[in-house]
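Visitor: Need a 3D model of the following:
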Amino acid sequence: MINEISIVIPALNEEESIPSLISEIDNELSNTQLKYEIIIVDDGSKFSFDSIVPKNKNLKIFRNLYTKGKSQSLLKGIENSEFKYICVLDGDGQNPPFEIKNLIDTFNSDYENIDAVCGFRKNRKDKFMRSLYSKIANFFIRKLLKSNIKDLGCSLKLFRKNLIEEIRFSGDMHRMLSVLFEYRGHRIIQIPVVHKERKFGETKYGLNRLIPVFVDSFLIYLSEGFTLTPRYSLSKLAFYSFMASFLLISYSAFQKFAYEIFVHRNPIFLIGLTFLFISIQLFVTSVISFFIENKKD
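Guide: Below is the predicted model:
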C-alpha cells in the first residue's frame, strides 16, 4: 500500500497559482496518514518561488538557472525526491489536488498488479484551439504508436519511482511517459479526472509544441519506446527508405517499358534513386554505431 509519496510540480512563471496550489495540497493530505513531500521545480521563472511561498515543512523548492523545459524539470524533481512513489501535476492549478487521493486509492485497490495510474480529462476547460490541436496530436500519436493512452496531455499521474529510473530521455518527453511505460509492459490504469479553468497567467503551450510532439513520436516508433539500440532504429529507417526506393524505381521501369518514358528524364526514378542512396547511408551509419556502442575506453 502507498503510505508515502513525492508530489513533483514543474513550474514556469506560475507565481500566482503556486501558493494556492500548495495550500490546497496541504488541506487535502495533512489530515491523512500519508507521508508526503511537495517538490516545486522552478524552471527559471522571473520571480523566485522562495520569496512568494510560505515556509512549509513538507515543501522543497529547486530552481533551474535557466529554462530547461518541463521534462528536465520533472526529472530534476524526481531525482531529488525522497519516496518510492511519484505523483506529477501541473503548476497552473488546473489539476485539482483532491484527485491525488483518487489516484492513490486506485493504485491501492490492486497494489501488487499496478505500476502507474494516469488521469484523463473528462471535461477539458482549455480554450477551443488548444483543445483542438491537442486532440489532433493525441490521435496521431495513438495511431502511430498503437497506444491505449486516452489523454497524453494530462499531467496528473502516479507511478512507482523505479519506472522512471530505467528510462533515459531528453527533449519534451514528459508527455510520452505513459507511452514509454506501455512499451516496457508496465500495467497502467486510467481514470477520469477533473480539469479546472486556468485562473492566472497564460498557457505555455502553443502550436509550436506540435513539432517536438511529432518528432518524439517518430523516434519512439523507430526505437520501440527507446528499448532498441540506435543501430536497430537506423536499420529500420534504412529498410523503409529502401522499400520506397524499390517501389519508385520499379514503377519508373514499368513506365519505361509501357509508355517509353526514359528513366533519366523521369523524376520518379530520380526520387527513387535518392531514397536508395539514403537507405545505404543509414545502413552504413547503423553498422558504424554498433562499433561506437561497443567501443572500449
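
Visitor: Name the residues of whichever strand or helix holds residue 76 that are buried.
Guide: Using DSSP states H and E, the element containing residue 76 is helix 70-79. For helix 70-79, burial by neighbour count (16 or more other C-beta atoms under 10 Å) applies to 70, 71, 72, 73, 74, 75, 76, 77, 78. C-beta coordinates here come from the backbone N, C-alpha and C atoms, glycine included.

Visitor: for stretch 51-60, same thing?
Guide: By 16+ other C-beta under 10 Å, the buried positions in stretch 51-60 come out as 53, 59, 60.

Visitor: so how far does that stretch reach from one end to the other?
Guide: 13 Å (C-alpha to C-alpha, to the nearest Å).

Visitor: Same question for stretch 47-54.
Guide: Across stretch 47-54, the terminal residues are separated by 15 Å (C-alpha to C-alpha).

Visitor: Which residues does the helix or strand of the chain with the lowest mean pLDDT contact?
Guide: None of the helices or strands of the chain scores lower by mean pLDDT, DSSP states H and E than helix 128-145, at a mean of 81. Under the contact criterion C-beta atoms under 8 Å, 6 or more residues apart in numbering, helix 128-145 has outside partners 124, 126, 147-149, 151-153, 176, 179, 203, 205-207, 210, 213-214, 217-218, 220-221.

Visitor: of those, buried ones?
Guide: 124, 126, 147, 149, 151, 152, 153, 176, 179, 213, 217, 220.

Visitor: check contacts around the spatially closest residue to residue 175 that is not a sequence neighbour.
Guide: Excluding the flanking residues, the one nearest residue 175 by C-beta to C-beta, 6 or more residues apart in numbering is residue 152, at 5.3 Å. Under the criterion of C-beta under 8 Å, 6+ apart, the neighbours of residue 152 are 137, 138, 141, 142, 175, 176, 178, 179.

Visitor: count of residues packed around the first one?
Guide: Think residue 137. 18 (other C-beta atoms under 10 Å).

Visitor: measure residue 18 to residue 126 for me?
Guide: 20 Å (C-beta to C-beta, to the nearest Å).

Visitor: same thing with residue 151?
Guide: The value you get for residue 151 to residue 126, if C-beta to C-beta is used, is 12 Å.

Visitor: ditto for residue 144
Guide: Taken as C-beta to C-beta, the span from residue 144 to residue 126 is 23 Å.

Visitor: show me where this protein has strands.
Guide: Taking DSSP state E, the strands of the chain run over residues 4-11, 35-42, 59-63, 85-88, 116-121, 157-160, 188-193.

Visitor: Now tabulate these in TSV and tack on mean pLDDT.
Guide: Shown next, in TSV, are the strands of the chain (pLDDT from 0 to 100):
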stretch	mean pLDDT
strand 4-11	95
strand 35-42	95
strand 59-63	93
strand 85-88	96
strand 116-121	94
strand 157-160	96
strand 188-193	96
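
Visitor: Quick check: pLDDT value at residue 46.
Guide: Residue 46 is assigned 84 on the pLDDT scale.

Visitor: Quick check: the nearest residue to it once chain neighbours are set aside vs residue 200, distance?
Guide: What sits nearest to residue 46 in space, not counting adjacent residues and going by C-beta to C-beta, 6+ apart, is residue 13, at 5.9 Å. Applying C-beta to C-beta, the value for residue 13 to residue 200 is 10 Å.
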